[in-house]
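>>> Below: sequence and its predicted model.
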Amino acid sequence: MRPPPAADTVRRLLDDAPMSRYQWGAVAACVLLNVLDGFDVLVMAFTGRSVATEWGLSGSQLGLLLSAGLVGMAAGSVLIGPWADRIGRRPIVLGCLVVAGLAMLASSAAQSPGQLGALRLVTGLGVGGILATSNVVAAEYASARWRGLAVSLNSTGYAIGAVLGGVLAATLIGQLGWRSVFLVGGLATLAAVPLVWWRLPESLDFLLVRRPAGALERVNVLLARMGHAALPALPGDAPVRTGVAAGTARCCARRCAAPRCCSGSASSA
């Protein structure tokens, strides 16, 4: 166990110390999220020809379906991403992952182009919320030495998802139809929820800046998992007095609250 860091040097500690297995696990969880996002966003491109054939869509109608997911992704990044700074990045990622997975499952049962377009929009919202937060977490938990690699791996995950999605779609469409591609994508996205719950930590910056209930305990749990000692207090917090110091502080507080102190202050004023 390394010696306890000063409360205001948590970021520097993560930058300078070797990366622990827990930190690499957090980066891997973010890469997995990007793999799923790459599949979920581009699944319409893989199935577009089959969808257009089944419903007799024109090129412009198919184009609207193709763009619905991208519009949702942009909206999710702008509208959902900022909420991560208010309620935490981990709950936003998990919530968006569930939304994207359920929308993908529902897309496999869509009965009209309008339904599919609306569901693609919802899927994009979830994907956009994930992209806006997972990249930050990957960079935050990487050390200064490995941050470039962590960000690169995270970006590569999107391309990996697109490639895997294309291969999977080519296999499934010929045998089971285009709906099976959405079904498999939705199941894979929902199956990742427990894994992300287990391996994706909350943002340390969020805990240190926003300070939700139990922030100090949560920060210390994360530091322990990374092999560092606990913080005595959050940055900017007054140190907790114990023993003689605590008794002296209480005595001074009682003296200041006495009427003679107040009257003395009033007369001096």
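Yep, that arrived. Remember, predicted model here, so these are calculated numbers, not experimental data.

>>> which other residues reach stretch 109-118?
By CB atoms under 8 Å, 6 or more residues apart in numbering, the residues outside stretch 109-118 that reach it are Val51, Trp55, Leu57, Gln61, Leu64, Leu65, Ala68, Ser107, Leu119, Arg179. Heads up, the C-betas are built off the backbone N, CA and C, glycines and all.

>>> Which pair of those spans the longest distance?
Leu64 and Arg179 (19.2 Å; CB to CB).

>>> of those two, who's got more company?
Arg179 (18 against 15; other CB atoms under 10 Å).

>>> Contacts only, for that one.
Arg179 neighbours (CB under 8 Å, 6+ apart): Ser108, Ala109.

>>> Distance check, it against Gly148.
Going from Arg179 to Gly148 by CB to CB, to the nearest Å gives 41 Å.

>>> hey, where'd the helices end up in this structure?
With DSSP state H as the criterion, the chain has helices at 10-16, 21-55, 59-79, 84-87, 89-107, 113-141, 147-176, 179-199, 204-209, 215-225, 243-257, 259-268.

>>> okay, these in JSON lines with mean pLDDT and distance to Pro232 next?
Formatted as JSON lines, those follow (pLDDT from 0 to 100; distance: least, CB to CB, whole Å):
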{"stretch": "helix 10-16", "mean pLDDT": "82", "distance to Pro232": "13"}
{"stretch": "helix 21-55", "mean pLDDT": "93", "distance to Pro232": "22"}
{"stretch": "helix 59-79", "mean pLDDT": "92", "distance to Pro232": "38"}
{"stretch": "helix 84-87", "mean pLDDT": "88", "distance to Pro232": "26"}
{"stretch": "helix 89-107", "mean pLDDT": "95", "distance to Pro232": "25"}
{"stretch": "helix 113-141", "mean pLDDT": "92", "distance to Pro232": "22"}
{"stretch": "helix 147-176", "mean pLDDT": "91", "distance to Pro232": "28"}
{"stretch": "helix 179-199", "mean pLDDT": "94", "distance to Pro232": "28"}
{"stretch": "helix 204-209", "mean pLDDT": "87", "distance to Pro232": "14"}
{"stretch": "helix 215-225", "mean pLDDT": "89", "distance to Pro232": "9"}
{"stretch": "helix 243-257", "mean pLDDT": "45", "distance to Pro232": "13"}
{"stretch": "helix 259-268", "mean pLDDT": "43", "distance to Pro232": "31"}
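
>>> Of those helices, flag the one that's most buried.
helix 113-141 (a mean of 23; mean count of other CB atoms under 10 Å).

>>> mind checking how far that one is from the chain centre?
When distances are taken as CA atoms, centre = their mean, to the nearest Å, helix 113-141 is centred 11 Å away from the chain's centroid.

>>> orientation of it relative to helix 179-199 in degrees?
Angle of helix 113-141 versus helix 179-199, following axes from the mean of the first three to the mean of the last three CA atoms, to 10 degrees, is 30 degrees.

>>> Compute the inter-axis angle for helix 113-141 and helix 21-55.
For helix 113-141 against helix 21-55, the angle by the same axes, to 10 degrees is 170 degrees.

>>> now Leu223: how far from Ala229?
To Ala229, Leu223 is 7 Å away according to CB to CB.

>>> now Arg147
23 Å.

>>> ok, now Ala191?
Distance from Ala191 to Ala229, by CB to CB: 36 Å.

>>> cool, and Ala75?
43 Å.

>>> so who does Gly165 touch?
Gly38, Phe39, Leu42, Val43, Phe46, Val181, Gly185.

>>> For it, give its distance to Ala118.
For Gly165, the distance to Ala118 - CB to CB - is 21 Å.

>>> Check Leu234 too.
44 Å.

>>> ok so, going back, make CSV from the contacts of Gly165 and add distance to Ser155 to it.
Listed next are the contacts of Gly165 as CSV, based on distance: CB to CB, whole Å:
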residue, distance to Ser155
Gly38, 10
Phe39, 15
Leu42, 15
Val43, 19
Phe46, 21
Val181, 24
Gly185, 20
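
>>> May I ask which two of those residues are separated the most?
Top of the distance list for the contacts of Gly165 (CB to CB): Gly38 and Val181, 13.8 Å.

>>> Just give the nearest non-adjacent residue to Leu164, would you?
Excluding its sequence neighbours, the residue lying closest to Leu164 (CB to CB, 6 or more residues apart in numbering) is Phe39, at 6.4 Å.
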